[in-house]
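Q: my questions concern the predicted model and sequence given below.
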Amino acid sequence: MGKRIGILTSGGDCPGLNMVIRTVVSHATLSYDWEVVGIPYATKGLLERKAITLSLHGLDLHGIDPLLCMGGTILGSTNKGDTLAQAKQIFEGYQALELDALIAIGGDGSLAILRELASQGNWNLVAIPKTIDNDVALTERSVGFDTAVNTVTDALNRLTSTAASHDRVMVVEVMGRTAGHLALQAGIAGGADVILIPEIPYSLPKVCQKLKELRDKWKRKFALIIVAEGAKTETGEISCYTDSLGEVRLRGIGQYITEQIPACSPEGVETRLTILGHVQRGGMPSAWDRILAAAFGKTAIDLVAQEQFARMVAWRNGEVGSVPLELVISQSPSLVAPQSSLVQTARSLGIYVGES
Ligand code: F6P
């Protein structure tokens with residue numbers, strides 16, 4: 001019997017979401033002859049009982065499929081509101097939309113909420129991990145991360161020429177929440193001299209010693225410092241502020257580092273700060289994010305066909321597979337292991353990555 005599958009995107013957007021949607025529609029239609037409907041704005045769409053029919057033809061524009069390379073999400077997303085308080089109404093919405101299963105694309109926060117809703121309402125849920133932070137547990141890769149690494153790497157490349165032209169120290173603050181994956185990987189790819197991440201304590205004198213070494217030993221008068229938004233001050237404080245909606249946002253560690261550098265550097269060292277912000281979440285998905293999105297979308301539909309629900313598709317050991325969603329939620333976010341081979345790789349390049 002033909003199924004009616006719902007798909008939604010939840011939490012912060014990232015490049016590659018539309019490619020997941022495209023693959024889900026394509027595989028459901030071509031391989032199973034099922035119907036796929038998009039739920040706009042995640043649980044808000046369920047609450048309001050809204051569903052958009054997604055057809056293969058509808059995804060085309062004169063034979064060109066824009067979903068292949070469009071960033072963001074055509075379904076819209078939200079990460080606000082006390083969703084659990086409205087669990088009953090959301091479940092009624094799921095039922096009213098006559099869905100046989102729901103595919104939810106989200107980060108760990110939204111997947112935890114959706115799993116809770118699904119278990120209360122007994123829905124058939126399959127999850128797909130996405131986040132530029134790459135911190136969802138039990139998957140080595142999440143959709144959106146690779147593109148963000150490329151975006152930050154590109155920014156570092158651009159900052160290098162202006163840093164070199166003015167003999168400046170450029171501090172670049174990047175996203176990642178409590179994880180340093182984005183800062184570490186882009187820092188290696190983009191030629192950073194210092195990488196500061198939440199997982200590894202650092203000392204400012206050592207940062208300045210690195211800058212001195214660049215000047216004295218290598219005759220290089222400019223430097224790049226990449227700092228993850230979740231990195232702490234030397235005394236262990238998180239830099240954040242509360243926005244107008246009462247949400248705590250990470251911001252400020254880049255400013256702190258930028259202000260500290262002149263104090264422990266020779267007179268006249270100029271520092272400048274760039275906060276990349278939401279630029280990191282935009283743009284066309286990289287080839288790898290498109291491939292990952294396609295593998296995840298296909299596997300999610302196959303899980304629905306096999307009636308394997310309450311699972312999250314995952315990338316592990318170079319293969320796509322799936323893991324119980326409950327296990328993912330029960331784990332802490334995946335962080336950079338201080339002794340990981342990538343940290344060692346960064347150090348082998350002469351980059352100061354804290355401690356030692
Ligand atoms: O989790 C993704 C992320 O981009 C984080 O890196 C960042 O801290 C946060 O979302 C920003 O959230 P918002 O879009 O709500 O400002």
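A: Received, thanks.

Q: going by C-alpha atoms from here, please, whenever you check contacts or count neighbours.
A: Will do.

Q: list the buried residues for stretch 286-302?
A: The neighbour-count criterion (16 or more other Cα atoms under 10 Å) identifies 286, 289-302 as the buried residues of stretch 286-302.

Q: hmm, I was thinking of stretch 302-309
A: For stretch 302-309, burial by neighbour count (16+ other Cα under 10 Å) applies to D302, L303, V304, Q308, F309.

Q: can you lay out these as TSV showing distance to P205?
A: As requested, the buried residues of stretch 302-309 are arranged in TSV below (distance: Cα to Cα, whole Å):
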residue	distance to P205
D302	54
L303	53
V304	55
Q308	53
F309	52
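
Q: keep only those of these that are in helices.
A: Residues from those lying in helices, with DSSP state H as the criterion: D302, L303, V304.

Q: now the residue in the stretch 201-350 of the chain that the ligand sits nearest to, what are its backbone angles?
A: Evaluated by Cα to the nearest ligand atom, the stretch 201-350 of the chain has L250 as its residue closest to the ligand, separated by 6.0 Å. As for L250, its main-chain torsions (degrees, to the nearest 10) stand at phi -80, psi 130.

Q: wouldn't it be in contact with K232 here?
A: No. In this structure L250 lies outside contact range of K232 using Cα atoms under 8 Å: 10.4 Å.

Q: counting neighbours, go ahead and name the busier of those two.
A: Taking neighbours as other Cα atoms under 10 Å, L250 and K232 compare with K232 leading, 23 against 19.

Q: need the overlap of contacts for L250 and K232.
A: With contacts defined as Cα atoms under 8 Å, 6 or more residues apart in numbering, the residues shared by L250 and K232 are I238, S239.

Q: where do the helices sit along the chain?
A: Using DSSP H, the helices assigned to the chain run over residues 17-32, 43-47, 87-96, 108-121, 145-166, 181-190, 204-216, 253-260, 287-305, 325-330, 341-348.

Q: which parts of this protein sit against the ligand?
A: G12, T131, I132, D133, M175, G176, R177 (Cα under 6 Å from any ligand atom).

Q: surely the third one and H278 touch.
A: No. With contact defined as Cα under 8 Å, I132 and H278 do not form a contacting pair (10.5 Å).

Q: which residues are in contact with the spatially most central residue of the chain?
A: With the centre of the chain defined as its mean C-alpha position, the nearest residue by Cα atoms, centre = their mean is I132, 1.7 Å away. I132 is in contact with C14, S142, V143, G144, F145, D146, T147, A148, G176, L182, Q280, R281, counting by Cα under 8 Å, 6+ apart.
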